[in-house]
Every structure is written in C-alpha cells, then in structure tokens.
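Visitor: Sequence first, predicted coordinates after that:
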Amino acid sequence: MNYVLSNEKDLREHYLAPSDGALVKQLNHIDPHCGSLIELSPLVCIGTAREGAMPDVSPRGGEPGFVKIADPQTLYLPDWPGNNRLDTMTNVVAAGRVGLLFFVPGFNDMLRVNGRAEISVDPEILGQFEMRSRNPKSVMVIHVEEAYLHCTKALVRSDLWNSEKHLDRAALPSAGAMYRDQMALEDIPAKMIDDALEQNEKDDLY
C-alpha cells in the first residue's frame, strides 16, 4: 500500500477543506494591521527557490521595523554583512519570488507576505538604512502580492516565548566546537573559533 501523498488531489482528499476565513483573510497589500506587525518585528524569515537548486530559508534581523514599508505594495529589506553565500539573493535574481514570515517577540501572531522581489543598489534606497555610518550592501525590494496573518498554533505548540522553557546554552556545544568538528579543524581550539565569531559580530554587524 502506498502511504505517500504525491499530488494535490491526494492532499485535498486527505485533509479538510480550508475554512472561508482562511481564504478571505488574504490581502494583496500591506494594511495598517500588517504594517503594525512589520514595524514591531525584529526578525523575518525569507523563503526562496530557483530551478536546479535546493530551496532556501534564511533569517534576517535588525531593530524593530528594520524592514521598511515604502508603500502598501512595496517593502524594503536591507542586506547587512553575512557569510556571502548569497543563497537567498541568487534565488531572487534567478526566480524573482519570495515568501516572508515576520515574528514579534512575545506575540504568537505572525505575518506572511509573498510577492515578487528584486535586488537594488540604488543609493537613495540604501541611504534610508544607514547604521553606524554604513549603508547596506543592497536592498531587496519586495512587491507585495499576498499578505495575511499566519495561524498561531505553531508558536502556541512550541511555547517559544516562555522564558521558563529556554534552555541553558550548555545543552549544546559552542558554535566554535560544532564548526571545528564539522569542518575537521582538530588542530584549532574551539575557543579560538568562538572568539573570532564573537569579534566578527562586534566589528561587522552593520
């Protein structure tokens, strides 16, 4: 017996139909409520994909409101220093589509935004994001096609914001120890890697 749901017909037969509310709540622009969530959010996860490569989900963070609302149809997302793999941006220039999920600490409410995107190096746009006398390397311009509040159940189940459930950092090896093992750097002390990572966060955050 085949237990794999391999097409949309199989999925629709296995699951209940979505409620009217789940469909009607979708907007094609950023309304005041969506805007409030974006302005309060210090973290967004961005999903992208292109033909011939693995899909990618990557976090972007900053001060609350670091993603700017240019108008109800347009968002600006700055690109600050990272690892320069450019997985997200390579997908964007190839396929021009993105999905965003905005989080607000302490809130179970999340906002999803989907649309077309492009990478801009327009000095006038970059200048809107100056931090520590620096501008971002580029800004992703997102043309909003869908926006809606996401179901809260994932965060309710995870109880993510409950400080009583936050783990001690000792539950995992340090980042330096994990990198050392994964990259087979046996001759380099984990603390040296940790120190370098910490210094990089201080020197190259913006």
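Guide: Received the coordinates, thanks.
Visitor: So the closest residue in space to residue 28 that isn't next to it in sequence: helix, strand or coil?
Guide: What sits nearest to residue 28 in space, not counting adjacent residues and going by C-beta to C-beta, 6 or more residues apart in numbering, is residue 145, at 6.2 Å. For glycine as for every other residue, the C-beta is placed from the backbone atoms N, C-alpha and C. Here residue 145 is strand, with the state taken from DSSP: H, G, I helix; E, B strand; the rest coil.
Visitor: confidence score at residue 145?
Guide: Looking at residue 145, its pLDDT reads 98.
Visitor: contacting residues for it?
Guide: Contact criterion C-beta atoms under 8 Å, 6 or more residues apart in numbering gives 28, 114-116 as the residues in contact with residue 145.
Visitor: Pick out the residue closest to the middle of this structure.
Guide: residue 45 (1.3 Å; C-alpha atoms, centre = their mean).
Visitor: nearest residue to that residue other than its sequence neighbours?
Guide: The shortest distance from residue 45 to any non-neighbouring residue, by C-beta to C-beta, 6+ apart, is to residue 101 (4.7 Å).
Visitor: mean confidence for the host helix or strand of that neighbour?
Guide: Following DSSP states H and E, one finds residue 101 within strand 97-103. Per-residue pLDDT over strand 97-103 has a mean of 98.
Visitor: Which secondary structure elements does that strand sit against?
Guide: strand 43-48, strand 110-120, strand 138-150 (3 or more C-beta pairs under 8 Å, 6 or more residues apart in numbering; DSSP states H and E).
Visitor: Going by neighbour count, list what's buried in the longest helix belonging to the chain.
Guide: Secondary structure of the chain per DSSP state H: the longest helix is helix 190-203. For helix 190-203, a neighbour-count test (16 or more other C-beta atoms under 10 Å) marks 190, 193-194 as buried.
Visitor: Can you work out which other helices and strands pack against it?
Guide: Helix 190-203 sits against helix 175-182, with contacts defined as 3+ C-beta pairs under 8 Å, 6+ apart.
Visitor: Please save the CA atoms from the helix it packs on in CSV.
Guide: Only the C-alpha atoms of helix 175-182 are listed here, as CSV (Å, rounded to 0.1, in the frame of the first residue of the first chain):
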residue,chain,number,x,y,z
ALA,A,175,29.3,27.2,17.8
GLY,A,176,33.1,27.1,17.7
ALA,A,177,33.1,23.4,18.8
MET,A,178,30.5,22.5,16.3
TYR,A,179,32.3,24.3,13.4
ARG,A,180,35.6,22.6,14.4
ASP,A,181,34.0,19.2,14.3
GLN,A,182,32.0,19.7,11.1
